[in-house]
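Asker: sequence first, then the predicted structure, then my questions.
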Amino acid sequence: MRRIFGLLILVGLSTPAFGAPVVWDTQVGGNGNAYQIIRARYITWDRANTIAQSLTFQGVQGHLATIASAEENTFVNDLRRRSLKRGRWFRRGPTEVWLGGFQSPSAQSAIDGWQWVNGGGNIPGTNGGATYTNWAPGEPNNWGGREDKLAMGFRNSGMWNDEGYVGNIAGFVVEYDTGGPVKWNAVPEPASVAMFGLGLLSAGYIGRRKKKEAQERREYEASKVSSPWLGRFRSQL
Ligand SMILES: [Ca+2]
Ligand SMILES: [Ca+2]
Ligand SMILES: [Ca+2]
């Protein structure tokens, strides 16, 4: 069995697929950064982290993606879905991709000690605070006592999972800070009437994104009810 799994790893890693970086355009409320999904089944977080830092786009060094808002999460998750859908075995294959989040080895519980790479600061271990997070219900759960890296794509949703099993991993997300200095959870300060109008527009945009995320969460909850047999496995995710 172990041998078969090893073979699967070799097959998976022998066909890495580097999607082209896609810019999150400031014209549509983005931050100007570029994001790239790299399909590499069963890759470890450490390896993905090293590869991400070795890549450049428009002269800017990459890093595993850091998510500071619901809008950024939606943009990256849409990329993930589009990228993985092209994979022939997607429906049966893993759906999670590594993000640039990890947990300190000295953490005392499942929710403690999470932080972003690239100087992104702490990641709260629970949803609903001032700092954006999108943990799936019940996550992070430190399943098996060995989950200390952050993945997106939990059951093919945009929600996050603390992950430690590469069998669930389809690849990773690289971000390039081509939009300039990183602004963490930046709140726009309207400086003029024009800016105010822009603010109203982006408020509508944010509202739609939040709606979409809420919808996704409802679908997730509904899927739990309609697939009772999944209950046996869900706790392992
Ligand atoms: Ca980011
Ligand atoms: Ca953990
Ligand atoms: Ca978990």
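Answerer: Happy to help now that I have it. Ligands and ions are numbered 1, 2, ... in the order given.

Asker: hey, let's count contacts and neighbours off CA atoms from now on
Answerer: Fine.

Asker: ligand 1 contacts on the protein?
Answerer: T66, I67 (C-alpha under 5 Å from the ion).

Asker: which residues of the chain fall in strands?
Answerer: Remark: strands assigned in the chain by DSSP state E are 17-18, 22-23, 34-39, 56-57, 60-64, 96-103, 114-116, 149-152, 160-163, 169-176.

Asker: got a markdown table for the ones you listed, with mean neighbour count too?
Answerer: Output for the strands of the chain, formatted as a markdown table (neighbours: other C-alpha atoms under 10 Å):
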| stretch | mean neighbour count |
| --- | --- |
| strand 17-18 | 14 |
| strand 22-23 | 18 |
| strand 34-39 | 25 |
| strand 56-57 | 15 |
| strand 60-64 | 22 |
| strand 96-103 | 27 |
| strand 114-116 | 21 |
| strand 149-152 | 26 |
| strand 160-163 | 27 |
| strand 169-176 | 28 |
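
Asker: mean pLDDT added to the ones you listed, as JSON lines?
Answerer: Below are the strands of the chain laid out as JSON lines (pLDDT from 0 to 100):
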{"stretch": "strand 17-18", "mean pLDDT": "78"}
{"stretch": "strand 22-23", "mean pLDDT": "96"}
{"stretch": "strand 34-39", "mean pLDDT": "96"}
{"stretch": "strand 56-57", "mean pLDDT": "96"}
{"stretch": "strand 60-64", "mean pLDDT": "97"}
{"stretch": "strand 96-103", "mean pLDDT": "98"}
{"stretch": "strand 114-116", "mean pLDDT": "98"}
{"stretch": "strand 149-152", "mean pLDDT": "98"}
{"stretch": "strand 160-163", "mean pLDDT": "98"}
{"stretch": "strand 169-176", "mean pLDDT": "97"}
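
Asker: which one of these lies nearest to Q215?
Answerer: Nearest to Q215, of all the strands of the chain, is strand 160-163, at 15.7 Å by C-alpha to C-alpha.

Asker: can you tell me how far the spatially most central residue of the chain sits from ligand 1?
Answerer: Residue closest to the average C-alpha location in the chain (C-alpha atoms, centre = their mean): M152, at 3.7 Å. Distance, M152 to ligand 1, by C-alpha to the ion, to the nearest Å: 14 Å.

Asker: and the strands of the chain: which comes nearest N134?
Answerer: Among the strands of the chain, the nearest to N134 by C-alpha to C-alpha is strand 160-163 (5.7 Å).

Asker: what about that closest one, near ligand 3?
Answerer: Yes: using C-alpha under 5 Å from the ion, strand 160-163 comes into contact with ligand 3 via N161, D162.

Asker: any part of that strand near ligand 2?
Answerer: No: Strand 160-163 lies out of reach of ligand 2 by C-alpha under 5 Å from the ion, never closer than 6.8 Å.

Asker: my guess is W114 contacts P105. True?
Answerer: No: with contact defined as C-alpha atoms under 8 Å, W114 does not reach P105; the gap is 9.8 Å.

Asker: on that earlier part again, tell me the contacts of the residue nearest to the centre of the chain?
Answerer: M152 sits next to N77, E96, V97, W98, L99, G158, M159, W160, N161 when contact means C-alpha atoms under 8 Å, 6 or more residues apart in numbering.
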